[in-house]
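Chemist: Okay, sequence plus prediction incoming.
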Amino acid sequence: MNFQKLTSVIVLLLISVFSFAQGGKKLDKIIKRDYQIIECTIAKMSDKTVEYSLPGETMQISLDVSQIARIDFASGRSQTFDVSANASTPASENSGQVIASAEMKSNTIAVLPVPYVNSGTMESSEEMAKFAQNDLYNKLLDKSSNLFPLTVQDLRVTNSLLHKAGIDYKNIDETPIQDLEKILGVDNIVAAKVSFTLTEGATSSTYNSGNAKVSDNNKKVKTSDVSTTNSSNLTYYNYMVYFDMYKNATKIYSQTRKPFLNIKDSWMDSITYLLKRSPIYVKK
């Protein structure tokens, strides 16, 4: 009897372990260029498409590689997809304008406009894209001594040259890096993106106060307690920061990071963190 009970327990444990292993199976992650993240199981890859299935489904979905920025495989390996490799025509033909090459200045780094996108609504903000670009530019200026021998290109010069070429935060990702380097006349580029979602939360706090009346013999005869509760709604920013660096049209650094805090400007903390760990930053 005891042997049968022991056998039953072992069988139940094996079933539990198997179920946990199945439920806890690691998934591949496809990070699209519109900042959408798809958790899935990748079945097949080619030069043009990636085929995958969603958790709990067997139907395979095909996705064009031109829509993919990076794939993080369940094995731990990552693969980055360069948009310039999939561009069949140069940016000049797409925009109807001829690329004007600026005078090349070696050891110069430019900061591109920073797409700032709500990944929940897919809405982008021109104002925040300029604000984010300006913040990143100022951060590089503050750390200019750590970037030597690189010189940071003036932001007005960068934006003026991009404007003449018909490039802004909306189409910056569609322009090959080698074309951007020619347009700006630099051999180094910083390209960042900020994706976020918003969540709402409520907090409340209670304050207690009381009054006591006493008689002549110092004995309490009456008390009056007051309790006040204040509540407020908070907005939490859930950021994902994408940070890439290029030198002579070659990507030399590519990282993503979530800020530790969920406050409005916390994305800049991730920018600072990634910059200090980039290959152009020299500790002093």
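Modeler: Cool, the structure landed. Residues are numbered from 1 along each chain as shown.

Chemist: Please make it C-alpha for all contacts and neighbour counts, starting now.
Modeler: Will do.

Chemist: Now S53: closest residue in space, sequence neighbours ignored.
Modeler: What sits nearest to S53 in space, not counting adjacent residues and going by Cα to Cα, 6 or more residues apart in numbering, is Q60, at 4.7 Å.

Chemist: How many residues are close by that neighbour?
Modeler: When neighbours are defined as other Cα atoms under 10 Å, Q60 has 15 of them.

Chemist: And for the one 5 residues further on?
Modeler: Neighbours of V65 under the rule other Cα under 10 Å: 21.

Chemist: which ones are touching it?
Modeler: D47, K48, T49, V50, F81 (Cα atoms under 8 Å, 6 or more residues apart in numbering).

Chemist: ok, it to I30 distance?
Modeler: According to Cα to Cα, to the nearest Å, V65 stands 10 Å off from I30.

Chemist: and what of T151?
Modeler: From T151 to I30 the distance is 35 Å (Cα to Cα).

Chemist: Compare those two (neighbour count), which wins?
Modeler: Counted by other Cα under 10 Å, T151 and I30 do not tie: I30 has more neighbours, with 26 against 19.

Chemist: Wait, that one touches I68, no?
Modeler: Yes: here I30 lies in contact with I68, judged by Cα atoms under 8 Å, at a distance of 7.0 Å.

Chemist: about what we covered before: just the buried residues of the contacts of V65.
Modeler: With neighbours counted using 16 or more other Cα atoms under 10 Å, those contain these buried positions: T49, V50, F81.

Chemist: now those as a markdown table including pLDDT?
Modeler: Formatted as a markdown table, these follow (pLDDT from 0 to 100):
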| residue | pLDDT |
| --- | --- |
| T49 | 89 |
| V50 | 92 |
| F81 | 76 |
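
Chemist: Let me know the closest of these to C40.
Modeler: Nearest to C40 among the buried ones among the contacts of V65: V50, at 11.3 Å, using Cα to Cα.

Chemist: In which helix or strand does that closest one reside?
Modeler: Per DSSP states H and E, V50 falls inside strand 49-53.

Chemist: List the pairing partners of that strand within its sheet, with orientation.
Modeler: Here strand 49-53 has these sheet partners by DSSP bridges: strand 37-45 (antiparallel), strand 61-64 (antiparallel).

Chemist: now for those, which one comes closest to S145?
Modeler: Nearest to S145, of the strands paired with strand 49-53 and by Cα to Cα, is strand 37-45 at 36.8 Å.
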